[in-house]
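Trainee: one predicted model, sequence on top.
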Amino acid sequence: MLIRAAAAAVAFALAVPAAMAQEAATAPAAPAETLPDISLGAADAPLTIIEYASFTCGHCANFHTENWPKLKAEYVDAGKVRFIQRDVYFDQPGLWAGVLARCGGDDKFYPVSSMLFKEQQEWLAGGTGEEIAANLRKIGLKAGMTEDQMTACWEDTAKAEQLIATFQANATADKIEATPTFIIGGEKVQNQPWESMKEVIEAKLAEAD
């Protein structure tokens, strides 16, 4: 259900507001290629955690505000966990944010993602698409991007199609129905308090020994 609803929300128009980019083509001539994951942490970490998140999801923002710093400090930075964030697009603003997160290159993906979650209420407060887009530009500027760089990224409809294709392929394969949802050591785990999630992580690490 999530896959169909999210796809319907973004497939009708890939373009950002007219002030930012021209309307996208209705469909690619061939299926869009999927994009590789951007991982954080040691490549040889004994445990991999995948988070499916939407930049417009309030529960995802809460996770990244409250639990992500603990997960990063205790497990990712310690070399115990390789972390992967995979985007889910419920709507156009979420897609625009996803494009922005990748606009500065792989090295800036997680720092920009953190800014998007931390300032979610502020940038989503715009009453129109143009206002939301302007708010996103402010985040991009703070991250060191230029106006021209952001415009080029948002006008790259081929990349937007790749992001949507990647989201659909991954979320379908993992049977994702809500965000945030986690795949911890191959097991699908729903969002939960940190202590409960930590128990799952510790159990999976023990299995990996």
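Mentor: Sure, I can see it. Numbering: from 1, shown residues only.
Trainee: contacts and neighbour counts: CA atoms only from here.
Mentor: Will do.
Trainee: quick check: L71 vs A101, distance?
Mentor: Distance, L71 to A101, using C-alpha to C-alpha, to the nearest Å: 21 Å.
Trainee: who has more neighbours out of those two?
Mentor: Neighbour count, other C-alpha atoms under 10 Å: between L71 and A101, A101 has more, with 24 against 19.
Trainee: ok, the closest residue to K80 other than its chain neighbours - contacts?
Mentor: Nearest residue to K80, sequence neighbours excluded (C-alpha to C-alpha, 6 or more residues apart in numbering): A45, at 5.1 Å. A45 makes contact with G79, K80, V81, R82, according to C-alpha atoms under 8 Å, 6 or more residues apart in numbering.
Trainee: out of those, which comes closest to F55?
Mentor: Top of the list for closeness to F55, among the contacts of A45 and by C-alpha to C-alpha, is R82 at 20.8 Å.
Trainee: any idea of the pLDDT on that closest one?
Mentor: We have a pLDDT of 98 for R82.
Trainee: same deal with A18?
Mentor: Looking at A18, its pLDDT is 39.
Trainee: before we move on, what about G126?
Mentor: pLDDT recorded at G126 is 81.
Trainee: please name the nearest non-neighbouring residue to it.
Mentor: I132 (4.8 Å).
Trainee: give me the number of residues near that neighbour?
Mentor: Residues lying near I132 (other C-alpha under 10 Å) number 20.
Trainee: on the pLDDT front, check it for me.
Mentor: You'll see I132 listed with a pLDDT of 94.
Trainee: verify the stated contact: it with Q120.
Mentor: No - look at I132 against Q120 with C-alpha atoms under 8 Å: they stay out of range, at 10.5 Å.
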